[in-house]
Every structure is written in C-alpha cells, then in structure tokens.
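K.L.:
Everything below, folded, please.
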Amino acid sequence: MTTTTLAVLVPLLPFLGAAAGLLLGRSAPGFVRPLAVLPTLAALVLAALVAARQGGGRALDAVTELTPTGSVPVELALHIDGFAALVAVLVGTVATCVQIYSTGYLRDDPRYASYAALVSLFTSAMFLVVYSGDLMVLLVGWEVMGICSYFLVGHYWETPEARAASLKAFLVTKLGDVPFLIGLLALATEAGSFRITEILGAVTSGSLDHPTLIALLLLAGVAGKSAQFPLHTWLPDAMAGPTPVSALIHAATMVAAGVYFVARLLPLFEASRAAMVVLAVMAAVTMVGSALAALAQDDIKRVLAYSTIGQLGYMTGALATGDRGAAVFHLLSHGAFKGLLFLAAGVIIHAAGTNSLAAMSRMRGLRDRVPDAYWTMTVALLALAAIPPFSGFFSKESVLGAAEHVATGHTEHAPGAAGWTVLVAGLITALLTAAYATRLWLLTFRGRGAEAPDHGRQPLVMNAVLWVLALPSLALGGLAFRLLPDWFDGQDLTPTLTTSVLGTGVALVGGIVTYAAWRHTTALADRTPLGAVAAHPEGDAGLVEAEAIAAHRAAYGDLASAPDPSDPGRLLLGPVHRHAAAGFHLDAVYATLFIRPVQAGASLVRFLDREVVDTYVRAAGVLPGLLGAAVRRAQTGNVQTYVSALLAGTVVLAVAAVLVAAGA
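P.N.:
Residues are numbered from 1 along each chain as shown. Just a heads-up that it's a prediction; the model follows:
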C-alpha cells in the first residue's frame with residue numbers, strides 16, 4: 001500500500017468510525033466502544049507508518065482537483081513533511097488514549113455513544129488539518145473542529161455552565177474565523193492558488209502585494225483557535241465539558257491547530273516584520289497574563305486551562321522568532337504532559353464522584369487514594385515546570401534559545417525586538433509556571449480541605465492510560481532534541497547554556513518560594529481558630545472558639561467542608577490575586593465594550609419595531625375597521641330609512657348641480 005493511500009486512510013478511518021457510531025449507537029450499543037477505540041487506534045498505527053516512511057526526508061505531495069471552480073482551484077492535496085508526520089502521531093496517540101480512557105470515565109453516561117462519535121469526528125478533522133496541502137480543505141477540518149468543540153463542551157447540557165461555555169467557545173472562535181477566512185481568500189487571490197506549496201513559492205518570489213495585512217487577518221483566526229490574547233477567554237470556561245474532552249482539546253487538537261497553521265505558513269509571516277512583532281507581543285502578553293491567572297485559580301481544571309494558554313504562548317513566541325522547529329517541539333512535548341495532567345485530574349474528579357469537587361481548596365487525603373494519578377501527575381507537573389530531565393525542559397529551552405538567538409542578532413528571521421520580548425516574557429512565565437505547578441501539587445495532594453467521598457479504585461483503563469502518557473512526559477525531551485533535527489529541517493534543538501541556567505534557575509526559585517509560602521500559610525492557619533477547624537474537622541470543639549465554629553457553620557454548613565486555609569496563591573499575588581482570579585476582568589471589559597452596546601442596539605431596534613413600525617401596521621388595520629363599523633351602523637334594515645337617505649342625497653346632488661351651473 002502506498003504512503004499516499006495510508007495518509008488518506010488516517011483521517012478517513014475516524015470519520016467512518018464516527019458515522020458508524022452515530023448510526024449504531026442506539027440499535028447496537030455493544031458496538032459503541034469498539035467503534036470508538038479501534039478506528040482511532042488504526043489511524044494511529046497508520047500515522048506511525050506514514051511517519052516511518054516519510055522519515056524526515058523530502059515532503060510527500062499528492063493532489064487531485066475536486067471540482068472546477070472557474071478561478072482559484074480547490075484541490076484535495078496532501079503535504080506531509082516531518083512536522084506533519086510527527087504531529088499526526090501526537091494527535092493519534094492522544095486521541096486513542098482519550099477514547100480508551102473515556103470507556104471507563106463515561107461508562108455510565110447515557111450519551112456516551114454520541115460523545116465517542118464526536119471525539120472520533122474531532123480527531124478526523126484534526127488529521128485533515130495536519131495532512132492537508134490545500135488551505136480550503138484545511139479550513140473544512142478547522143471548522144469541523146469548531147462545531148465538535150461546541151457539542152463536546154456542552155455535553156452536560158443540563159447545566160447552565162456547560163450551555164454557556166459551549167456557546168462562548170463557538171462565538172469567540174468564530175469571531176476570529178471571520179477575518180481568518182478573509183485572509184485566506186486574499187492570500188489565495190494574490191498567490192493564485194490555495195495550495196500551500198504554491199503559496200510558499202509566491203512568498204519566496206515576492207509575489208504577494210499585502211503580506212502584512214494578510215498575516216494580521218490570519219493571526220486573528222489563530223488567536224481564536226489557539227486561545228491567544230485577546231481571544232483566549234473561551235478556553236477556561238470550556239472546562240465545563242467532560243475532562244477527557246479537555247485533554248483532547250488542550251493536548252492535540254483545536255488549540256494546537258492555530259500554532260500548527262502558523263508553522264506551516266511561517267515564511268508568509270516572516271515576510272512582514274510588523275506581523276512578527278505583533279505575534280511576539282501577543283505571545284508575551286498571553287504567557288505572563290495566563291500564568292498569573294493560573295496562580296489564582298481554585299478549580300484544578302481552570303489552572304490547567306490557563307496553563308495551556310501560557311504554553312501555547314511559548315509556541316507562538318517561538319514562531320515569532322522564526323523557529324518553527326522549537327514551536328513544534330514544544331507542541332509535541334506539551335501534548336504528552338498536558339494530556340496526562342488533564343486525564344490525571346479526571347481520575348481525581350472521578351474519585352470524588354462529582355465534577356463540583358475539582359476545587360483544590362476542598363481536597364484532602366488524595367495521595368493515598370489515587371496513587372497512580374499522584375505519581376503520574378507529579379511527572380507531568382515537573383515537565384510543565386521545565387525541570388530537567390523531563391520533556392518540558394528540553395522543549396521550553398529550545399524556545400528560549402531561539403529567542404536568545406534573535407535577541408542577540410544571531411539570526412535575521414525576526415526583529416531583535418521580537419526576540420527580547422519573547423525571551424523576557426518566557427523567563428517570567430517560567431518562574432510563574434513553576435509556582436502554580438507547585439501550588440497545584442501541594443493543594444491537591446497535601447491539601448487540608450474537606451475529604452471527598454471515597455468512590456473506590458478507578459477503572460484500570462484510566463490508570464493505564466496515565467502511565468502510557470507518563471513515558472513521553474519523562475523521556476521524550478531527552479531523545480527528541482537529538483532525533484528531531486532530521487525531521488525539522490535540520491534545526492538544532494540542543495539547549496543552550498545561558499537559557500538553560502536562567503530557565504531552570506527561575507523555575508527552581510518559583511517552586512521553592514511557593515513551597516515556602518505554603519509552609520508559612522499553613523503555620524499561620526494552624527494558629528487561627530478557623531485554621532484549627534480546617535485542620536481538625538472532627539476534633540474536640542474545645543480546641544476552637546465558639547464564635548469561630550458558628551461563623552464556619554454559617555459559611556460552609558458543616559465542619560467537614562472547610563476550604564484549605566493554606567493556599568499560598570493569595571500571599572504570592574497579594575492585591576493582584578482578586579483580579580487574576582477573575583481573568584483580569586477581560587470578560588467584563590468585553591461585555592462593556594461589545595456585548596452591552598450590541599444589546600442596547602438590539603433593544604432600540606426592538607423598541608422602534610414595536611412602537612413605531614407596529615403602530616403604522618396597527619393603524620392600517622384599525623382605519624378600515626372604523627370605516628366598516630360606520631358603514632355597518634348605516635345598515636339598519638329599515639326601507640324607509642334607506643329611501644330617506646336616497647332622497648336626501650338626491651337633494652344634495654341637485655343643489656350642488658345648481659350651484660355649479662350658477663357659478664359657470
């Protein structure tokens with residue numbers, strides 16, 4: 001079987017699995033789980049075969065015209081280089097793990113069949129984006145992922161949070177997709193083709209007249225899809241969906257699509273220095289802002305959501321320095337450890353038996369109850385914090401090294417200002433990332449909140465998937481930076497001494513300071529009455545003052561539901577904590593600038609329609625009614641009345657005729 005045929009089957013198999021799952025979900029429920037897992041697993045195997053055959057060598061190109069368009073042709077094209085081959089393997093790996101994990105996580109869910117089918121369709125769409133060599137075909141996968149995310153985030157549609165989150169995700173990403181589509185059309189018009197290879201050829205030859213405008217339009221779509229400032233606000237709210245969906249969206253699909261798109265068309269963005277600076281600023285604001293917000297969140301999934309936004313900021317920062325190898329390297333390692341983090345969080349939530357206990361301040365005694373999640377999440381958090389020798393260290397250092405090269409003038413792929421912006425923001429974010437990773441670990445596994453109900457050991461498939469993803473989180477980085485240059489255009493990914501020392505140093509400082517703050521707040525809490533209640537929820541009431549107990553009961557209902565008083569986030573952030581916890585009030589800003597004016601305009605239109613337009617419509621109906629009523633009153637049925645009226649009318653007409661004749 002040819003490599004082209006294998007590549008076509010990769011997105012096709014999950015698509016067919018999704019269609020079969022939707023058709024047979026009700027009539028043959030026994031086939032639902034095999035149809036969810038096996039097509040995705042087969043697609044992973046085929047993607048691995050495609051990667052092995054491609055081998056980091058010359059890109060595989062295949063094309064056939066779908067239908068004559070009369071102008072710019074739309075073609076079913078494949079363009080598989082080393083980047084595409086490896087990203088497809090990542091997508092297949094995470095999607096397969098999510099499908100297997102979901103068989104245990106959602107085993108009692110009545111809508112599992114539709115859920116699994118949508119996950120398969122989501123996976124198929126991302127495969128299409130990765131392998132596509134035509135931008136219009138890529139756009140199909142891009143939009144299919146958007147509608148799948150709408151349905152999957154709103155899986156628990158009975159809750160208002162899920163309904164609001166799914167609608168917000170759809171609308172915010174569509175807000176970026178409108179200029180994105182305009183940019184695609186403008187790009188194809190100037191290049192004369194939707195084919196990626198021909199577009200890059202046009203960029204190289206200087207045939208594009210407006211590269212800056214096109215690049216900025218495309219960046220709007222990238223910001224929406226990859227949750228970058230200022231269109232990132234949908235991603236934290238999307239945590240209302242099932243946790244495996246969060247793992248899929250954050251690790252291998254949806255948000256990765258925007259980064260991958262820029263990596264595909266990086267020469268286009270490099271043709272505009274202004275676009276590269278905008279990309280660098282967007283990445284810097286996203287990195288630092290999301291890390292501060294993550295340090296203030298209480299819900300474990302929202303911490304991870306803001307973490308994803310920040311790590312995507314690293315990837316866009318690498319692209320802003322002109323190094324797509326570093327960006328995709330971090331995309332691969334991040335996919336492994338972020339998928340692991342979300343699935344481990346799912347085990348914790350599953351152990352509690354309810355999604356409402358994802359608040360870290362309510363967690364207690366979880367280390368011994370979920371040992372698999374404890375050890376694997378520890379590995380993933382160390383990778384997230386970029387501590388050597390875990391995978392995140394090598395990929396994050398490749399980003400910082402690329403920024404250093406640009407900042408010091410060793411490369412001309414991007415302006416020096418872009419390099420300095422990414423480097424400084426990246427180091428600050430490394431400090432904050434280690435801080436919120438340490439805080440998450442301490443509050444989750446050494447927390448002193450209410451002890452959640454014990455729902456027994458988790459299904460074997462859930463714990464097994466955690467260990468599968470723990471392996472690349474631990475070992476991928478050390479192997480990859482030696483092997484990946486052959487796949488990534490020969491780019492050197494070896495960590496540099498300067499950024500390695502700086503990055504690791506600030507990460508260690510962030511972790512140590514957070515641990516010290518946690519020890520301080522713990523000791524302080526033990527000396528307060530309410531802290532004693534939290535530390536000894538079943539202890540002797542004589543240990544605390546009666547007033548503290550009464551206040552606690554009024555606030556929490558019972559002594560067993562106290563929040564953890566030892567959260568170091570408030571101490572570290574100080575007065576910034578309140579604003580960071582609210583995402584720096586960006587939703588409120590958008591509501592003031594955009595939503596309320598639109599609502600006010602809609603109210604004005606409704607008023608004018610009801611009070612002005614409807615008034616004329618109602619009058620047009622009332623006037624004939626009044627005339628009809630007057631005429632109806634004249635219909636008395638009395639013949640003498642009719643004869644009298646006829647005589648009176650005749651007299652009036654005669655008098656009028658005489659007057660007219662006299663006047664003449």
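K.L.:
all contacts plus neighbour counts: C-alpha atoms, from now on.
P.N.:
Will do.
K.L.:
Helices of the stretch 501-650 of the chain, start to end?
P.N.:
Shown for the stretch 501-650 of the chain, the helices assigned by DSSP state H, counting those that start in this stretch span residues 529-535, 546-556, 569-573, 576-581, 586-590, 596-608, 614-634, 639-663.
K.L.:
I'd say Glu397 and Thr496 touch.
P.N.:
Yes. The pair Glu397 / Thr496 is scored as a contact, 7.5 Å apart, by CA atoms under 8 Å.
K.L.:
quick one on the thing from earlier: most neighbours per residue, which of the helices of the stretch 501-650 of the chain?
P.N.:
helix 529-535 (a mean of 22; mean count of other CA atoms under 10 Å).
K.L.:
secondary structure element for the residue most central in space within the chain?
P.N.:
What sits nearest the mean C-alpha location of the chain, by CA atoms, centre = their mean, is Leu235, with 4.1 Å. For Leu235, the host element (DSSP states H and E) is helix 234-237.
K.L.:
Angles on the backbone of Leu60, please.
P.N.:
Main-chain dihedrals, Leu60, degrees, to the nearest 10: phi -90, psi 120.
K.L.:
Show the contacting residues for the closest residue to it other than its chain neighbours.
P.N.:
Nearest residue to Leu60, sequence neighbours excluded (CA to CA, 6 or more residues apart in numbering): Ile80, at 5.0 Å. The contact partners of Ile80, by CA atoms under 8 Å, 6 or more residues apart in numbering, come to 54, 59-61, 131-133.
K.L.:
of these, buried ones?
P.N.:
Buried members of the contacts of Ile80, counted by 16 or more other CA atoms under 10 Å: 54, 59-60, 131-133.
K.L.:
from what I can see Arg367 touches Tyr374, true?
P.N.:
Yes. Contact criterion CA under 8 Å: Arg367 and Tyr374 qualify, at 5.8 Å.
K.L.:
which of the two has more neighbours?
P.N.:
In this view Arg367 and Tyr374 are compared by other CA atoms under 10 Å, and Tyr374 has more residues nearby, 20 against 16.
K.L.:
Who are the packing partners of the helix or strand encompassing that one?
P.N.:
Assigned by DSSP H and E, Tyr374 belongs to helix 371-384. Applying 3 or more CA pairs under 8 Å, 6 or more residues apart in numbering; DSSP states H and E, one finds that helix 371-384 contacts helix 324-352, helix 391-407, helix 416-445, helix 460-483.
K.L.:
of all the ones you listed, which lies closest to Ala581?
P.N.:
The minimum distance between Ala581 and the helices and strands packed on helix 371-384 falls on helix 416-445, with 12.7 Å, by CA to CA.
K.L.:
The closest one packs against which elements?
P.N.:
Judged by 3+ CA pairs under 8 Å, 6+ apart, helix 416-445 is in contact with helix 273-296, helix 300-320, helix 371-384, helix 391-407, helix 497-526.
K.L.:
mind redoing it with 7 Å?
P.N.:
In terms of contacts (3 or more CA pairs under 7 Å, 6 or more residues apart in numbering; DSSP states H and E), helix 416-445 is packed against helix 273-296, helix 300-320, helix 391-407, helix 497-526.
K.L.:
Nearest to Gly17, out of those helices?
P.N.:
Set against Gly17 and scored by CA to CA, those come closest in helix 300-320, at 28.8 Å.
K.L.:
now the angle between helix 391-407 and the closest one, please.
P.N.:
Interaxial angle, helix 300-320 versus helix 391-407 (axes from the mean of the first three to the mean of the last three CA atoms, to 10 degrees): 40 degrees.
K.L.:
helices or strands up against helix 300-320?
P.N.:
helix 234-237, helix 255-264, helix 273-296, helix 324-352, helix 391-407, helix 416-445.
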